[in-house]
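Visitor: Sequence and predicted structure, then a few things I'm wondering about:
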Amino acid sequence: MGGYRIPGPMCRVRNQAEIDEGTSALTCTPPPGVIGTRTLPYREATELHECIKILGEGNAAYCRREILGIRESLGSTRSSTSLRVGAVEVVFMPDNFRDDPDILGGKTRPSIDYISPGFHHVVNKVDRYTGPKEIRLIIQTTYKLGINPKDPSGYGRGTTSPDRSAGNTSLAFHEQCHGEDFVQYLKDHSFPKFEGRIGLTVSQFRQAIHDWSAALDMYLKDMNRFSEINTDCVGTTIDQYSRSKGINKTVCPVK
């Protein structure tokens, strides 16, 4: 969707705390219509409708602010923005630029940030715990130094016929689609549940923390794959683009 920025990955996981026999540091709305006395242009109204359709009515204010209020140039996010999907806060970090050899044009990544469970135990049994809490899905777009986000996307979203017809052809639009994919995946797939509980042994509780962390890693892996297929494997696919550059790379499902 062009025109608004949905707040990728920084994966800062805070470590659990454990204190033995003491105090723990339990550490989008109707399409084209009228808002107020102003009739919205078709494209603006459509973007608003799609934004609320993807993010839900609970985030309608966010969509109106981003699309009808402060509208910076497409893909240019200068301050972090956030929204909530269930118990998870989704944070879109400001875009940044870095001279990274692994980035050809731009890259948008998700990560999960949280305060890990802390617990107290007596005679090897957990009698109370806190967390995990303050769970955030962080979405970060990074462009290669010297790249202009308004340049055309080389593959995927931004190259499909509907995107071209709508004028959504920029690299910024492409990266924004990845962010929207991540939010959609979060809405459609249950977030991993922590299975730690009172009464477990210390080793069992620690295993529950380990298992939850592994589940988060898999959740992010599947989220990335969902976005690759939906944003990189349409139009001129990333595989076609790579081959045109002499790179033998297969990302998209073989049909």
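Guide: Received it, and whenever you're ready, just let me know what you need.

Visitor: Mind jotting down where the strands sit in the chain?
Guide: With DSSP state E as the criterion, the chain has strands at 13-14, 18-20, 34-35, 38-39, 81-85, 88-92, 96-98, 106-115, 118-122, 125-130, 133-144.

Visitor: longest helix in the protein, by residue count?
Guide: helix 202-227 (DSSP state H).

Visitor: tell me the angle of that one relative to strand 125-130?
Guide: Angle, helix 202-227 to strand 125-130, by axes from the mean of the first three to the mean of the last three C-alpha atoms, to 10 degrees: 40 degrees.

Visitor: What residues of helix 202-227 count as buried?
Guide: Neighbour counts over helix 202-227 (16 or more other C-beta atoms under 10 Å) mark 205-206, 208-209, 212-213, 216, 219-220, 223-224, 226-227 as buried. In this view, the C-beta of every residue, glycine as well, is placed from N, C-alpha and C.

Visitor: Just put those residues in CSV and tack on pLDDT.
Guide: Conversion of those to CSV gives the following (pLDDT from 0 to 100):
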residue, pLDDT
F205, 97
R206, 96
A208, 97
I209, 96
W212, 97
S213, 95
L216, 97
Y219, 98
L220, 97
M223, 98
N224, 97
F226, 98
S227, 97
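
Visitor: which of these lies closest to D181?
Guide: Relative to D181, the closest of those is S227; by C-beta to C-beta it sits at 3.7 Å.

Visitor: quick one, what contacts the closest one?
Guide: S227 makes contact with C177, H178, D181, F182, Y185, according to C-beta atoms under 8 Å, 6 or more residues apart in numbering.

Visitor: Using JSON lines, lay out the strands of the chain together with distance to R157.
Guide: Below are the strands of the chain laid out as JSON lines (distance: least, C-beta to C-beta, whole Å):
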{"stretch": "strand 13-14", "distance to R157": "30"}
{"stretch": "strand 18-20", "distance to R157": "45"}
{"stretch": "strand 34-35", "distance to R157": "27"}
{"stretch": "strand 38-39", "distance to R157": "29"}
{"stretch": "strand 81-85", "distance to R157": "20"}
{"stretch": "strand 88-92", "distance to R157": "17"}
{"stretch": "strand 96-98", "distance to R157": "21"}
{"stretch": "strand 106-115", "distance to R157": "11"}
{"stretch": "strand 118-122", "distance to R157": "41"}
{"stretch": "strand 125-130", "distance to R157": "41"}
{"stretch": "strand 133-144", "distance to R157": "14"}
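
Visitor: which stretch among those comes nearest D163?
Guide: It's strand 106-115; of the strands of the chain, that one is closest to D163 (C-beta to C-beta) at 15.8 Å.

Visitor: Quick check: mean pLDDT of that closest one?
Guide: Averaging pLDDT along strand 106-115 yields 94.

Visitor: what does stretch 151-163 give?
Guide: On average, stretch 151-163 scores 96.

Visitor: end-to-end on that stretch?
Guide: 14 Å (C-alpha to C-alpha, to the nearest Å).

Visitor: The longest helix of the chain vs strand 133-144, what angle?
Guide: Going by the same axes, to 10 degrees, helix 202-227 makes 40 degrees with strand 133-144.

Visitor: Report the angle between helix 202-227 and strand 106-115.
Guide: Interaxial angle, helix 202-227 versus strand 106-115 (the same axes, to 10 degrees): 160 degrees.

Visitor: returning to what we had before: can you lay out the strands of the chain as JSON lines showing distance to S161 and mean neighbour count?
Guide: Converted to JSON lines, the strands of the chain look like this (distance: least, C-beta to C-beta, whole Å; neighbours: other C-beta atoms under 10 Å):
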{"stretch": "strand 13-14", "distance to S161": "42", "mean neighbour count": "14"}
{"stretch": "strand 18-20", "distance to S161": "56", "mean neighbour count": "14"}
{"stretch": "strand 34-35", "distance to S161": "30", "mean neighbour count": "12"}
{"stretch": "strand 38-39", "distance to S161": "28", "mean neighbour count": "10"}
{"stretch": "strand 81-85", "distance to S161": "30", "mean neighbour count": "18"}
{"stretch": "strand 88-92", "distance to S161": "28", "mean neighbour count": "20"}
{"stretch": "strand 96-98", "distance to S161": "30", "mean neighbour count": "12"}
{"stretch": "strand 106-115", "distance to S161": "22", "mean neighbour count": "21"}
{"stretch": "strand 118-122", "distance to S161": "53", "mean neighbour count": "19"}
{"stretch": "strand 125-130", "distance to S161": "52", "mean neighbour count": "16"}
{"stretch": "strand 133-144", "distance to S161": "25", "mean neighbour count": "21"}
